[in-house]
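A.B. asks: Next input, structure requested:
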Amino acid sequence: MTTKGKRGLKMKWDWCIPFFSMLGILFLTTCLQAAEKDSVKFVAKGMVVNKNKQPLCGACVMVKNSNERIYTGVDGKFSLAVKKGTKLVVSLLGKMDKEVRAKIDKEMQVVLTDEEYIEERMPQFVGEGVEMYIVRNIKYPKDALEMKIQGKVYVQFIIEKDGSVSEIKILRPVYPSLDYEACRIIQEMPRWRPGIQKGKPVRVSYTIPINFMLQ
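C.D. replies: Got it, this is the predicted structure:
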């Protein structure tokens, strides 16, 4: 190749390098801006009411597939920081759950209707499911991790008539710190939808295996 040809090729590459570098910077900037926009949280405000538009106190307003939640006050109002497009699950004992999309431009009004009569029903964990709740909240104890101790802890507890958890005990222990962590997870559980027998809420004994497994 002649010197003139080499010079011409070099000039072309000299022009391409900064051009593609600029494209890369623009692409990276756009991605960062989009990620930042998706992570921004807004305040969703509203009120939970019954079919007669009366405020409902103690209703749980939870971000779907998350542990983020808040309970309404005596005025039925709630305020929760959420991302744009977030779905909320609203629930209250004796009412049917309702899923709504959070609004950030105006106050929301969520109407909960009475739950249909049920003769028999086992307790139900409200929201994402008890297995997902455990996976999201479990914290492997440092001492057990260092000693590479693993196993499955069986925990028994009572789901009360109001859905709260009580009388937690270990049926099959593995190691003190693992047993303690299993109890902590159960103790901090949100309220369940209680069991129903002959149309009335009842106390139900429930057993859950909590698996501590090293990766």
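A.B. asks: Point to the helix or strand of the protein where mean pLDDT is at its lowest.
C.D. replies: helix 3-39 (a mean of 50; mean pLDDT, DSSP states H and E).
A.B. asks: helix or strand right after that helix?
C.D. replies: Beyond helix 3-39 on the C-terminal side, the first helix or strand identified by DSSP states H and E is strand 41-49.
A.B. asks: From the contact counts, what lies against the next helix or strand after that following strand?
C.D. replies: Per DSSP H and E, the first helix or strand lying C-terminal to strand 41-49 is strand 60-63. Applying 3 or more Cβ pairs under 8 Å, 6 or more residues apart in numbering; DSSP states H and E, we find strand 60-63 packed against strand 69-71, strand 77-83, strand 87-91. Backbone N, C-alpha and C define where each C-beta goes, glycine included.
A.B. asks: Nearest to residue 46 among those strands would be which one?
C.D. replies: Residue 46 sits nearest to strand 77-83 of all those, at 6.0 Å, using Cβ to Cβ.
A.B. asks: so for the closest one, what's the average pLDDT?
C.D. replies: The average pLDDT within strand 77-83 is 89.
A.B. asks: Tell me the buried residues in that strand?
C.D. replies: Residues of strand 77-83 classed as buried by neighbour count (16 or more other Cβ atoms under 10 Å): 78, 80, 82.
A.B. asks: Would you map out the domains in this protein?
C.D. replies: The chain breaks down into these domains under automatic domain parsing: 41-111, 120-212.
A.B. asks: Least confident of these, on average?
C.D. replies: domain 41-111 - the lowest mean pLDDT of the domains of the chain, at a mean of 88.
A.B. asks: was I right about residue 48 contacting residue 60?
C.D. replies: No. The pair residue 48 / residue 60 is not scored as a contact, 9.2 Å apart, by Cβ atoms under 8 Å.
A.B. asks: got a list of what residue 144 touches?
C.D. replies: 150, 175, 177-178, 212 (Cβ atoms under 8 Å, 6 or more residues apart in numbering).
A.B. asks: quick one: the residue nearest the centre of the chain from residue 110, how far?
C.D. replies: For the chain, the residue nearest the mean C-alpha position is residue 66 (0.7 Å; Cα atoms, centre = their mean). Going from residue 66 to residue 110 by Cβ to Cβ, to the nearest Å gives 17 Å.
A.B. asks: Output stretch 49-67 as CSV, nothing but the C-alphas.
C.D. replies: Extracted in CSV, the C-alpha atoms of stretch 49-67 (Å, rounded to 0.1, in the frame of the first residue of the first chain):
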residue,chain,number,x,y,z
VAL,A,49,-63.1,2.9,52.5
ASN,A,50,-66.0,0.4,52.5
LYS,A,51,-68.8,0.3,50.0
ASN,A,52,-70.6,3.1,51.9
LYS,A,53,-67.5,5.3,51.6
GLN,A,54,-66.7,5.1,55.3
PRO,A,55,-63.0,5.0,56.1
LEU,A,56,-61.5,1.7,57.2
CYS,A,57,-58.9,1.6,60.0
GLY,A,58,-56.1,-1.0,60.1
ALA,A,59,-56.2,-1.9,56.4
CYS,A,60,-52.8,-3.2,55.1
VAL,A,61,-51.5,-1.4,52.0
MET,A,62,-48.6,-3.4,50.6
VAL,A,63,-46.3,-3.1,47.6
LYS,A,64,-46.9,-6.3,45.6
ASN,A,65,-44.1,-8.9,45.8
SER,A,66,-42.4,-6.9,48.5
ASN,A,67,-42.3,-6.5,52.3
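A.B. asks: I am finished for the moment; much appreciated.
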